[in-house]
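1. I'd like to go over a predicted model; first the sequence, then the structure.
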Amino acid sequence: MIKRWLRFQHFDTVRFGTVEGDKIRIYEGDMFDAPTPTDYTLQLSDVKLLMPAVPGKVLAMWNNFHALGRKLGLEPPPEPLYLLKTPNSYLAPGATIRKPLCEDKVAFEGELAIVIGKTCFNVSEADAPDHIFGYTCANDVTVNDIIKRDPTFPQWVRAKGFDTFCPFGPVIATGLDPAMLVVRTILNSEVRQDYPINDMVFSAAQLVSRISKDMTLDPGDILLCGTSVGVGSMRPGSIVEVEIDGIGKLSNRFE
């Protein structure tokens, strides 16, 4: 059964729960460790949505889709290639992506995001799904011109680490088969990306397993699965939305 988990603020209190139609079922405890449902509900319209998790780290994949790799003339990598999105870049659904002080073009990258549910280190591919809590939508916002500005040092973290450059949400969906999902990115009501997750070089389970051999992944950590064809720049005043059926729509304004 699919459940959609979210975090929210109601007056001065931060809570979490599941979406039930136009209401939220409030839970107590730890979202990732035996959360307990209560008898209390709230209207979705009465709360402020927050980031659905507070990750200790967000890792973003590069060249993880065959279609984009072919377009760029890249061979599929033998192992996951990834970078860090810094905590200052994390952004809630509905919040504003701020234009950085530089004058370079800012690009959207709609992506599926894996949310870790159990601490894992050196897990097998077969066991990896047991360590995945669920999936959410993400936008790996990037200033592409910065990446290769210095020929001696590719600046991936800087290009992707500006304030507000990692929106994700609005919910974490559990009970989904990621291979059946499709990511759509919509810029000012125009569909710019529409690609299947089953085109990934490394599946969700493979990403979790292989990265867990490098570092411990903790509950709430997020792996951005990478993006595919259709990435483009956005102008201030734009609305960018990342939509995945079964999860929902992440919407942010760029100013």
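-> Arrived safely.

2. from residue 200, how far out is residue 120?
-> Note on residue 120: its distance to residue 200, by CB to CB, to the nearest Å, is 19 Å. Placement of C-beta: from N, CA and C, glycine included.

3. give the partner strands of the helix or strand where residue 19 lies in its sheet and their orientations.
-> Counting by DSSP states H and E, the element that carries residue 19 is strand 13-20. Sheet pairing here is set by DSSP bridges, and for strand 13-20 it gives strand 3-10 (antiparallel), strand 23-30 (antiparallel).

4. contacts for the first one?
-> This means strand 3-10. 14-19, 24, 31, 42, 46-54, 134, 169-175, 247-248 (CB atoms under 8 Å, 6 or more residues apart in numbering).

5. avg pLDDT for it?
-> Averaged across strand 3-10, pLDDT comes to 98.

6. go on, stretch 228-236?
-> Here the average pLDDT along stretch 228-236 is 97.

7. got the buried residues for that stretch?
-> Buried positions in stretch 228-236, judged by neighbour count with 16 or more other CB atoms under 10 Å: 228-231, 233-234.

8. quick one: residue 48 and residue 98, what's the gap?
-> 19 Å.

9. more crowded one of the two?
-> More neighbours surround residue 98 than the other of residue 48 and residue 98, with 17 against 12 (other CB atoms under 10 Å).

10. ok, that one touching residue 164?
-> Yes: with contacts counted by CB atoms under 8 Å, residue 98 reaches residue 164, the gap being 4.7 Å.

11. give me the common contacts of the two.
-> With CB under 8 Å, 6+ apart, residue 98 and residue 164 have no common neighbours.

12. list the buried residues in the strand holding residue 19.
-> So, applying 16+ other CB under 10 Å, buried residues of strand 13-20: 15-19.

13. stretch 202-218 now?
-> For stretch 202-218, by 16+ other CB under 10 Å, it's 202-212, 217-218.
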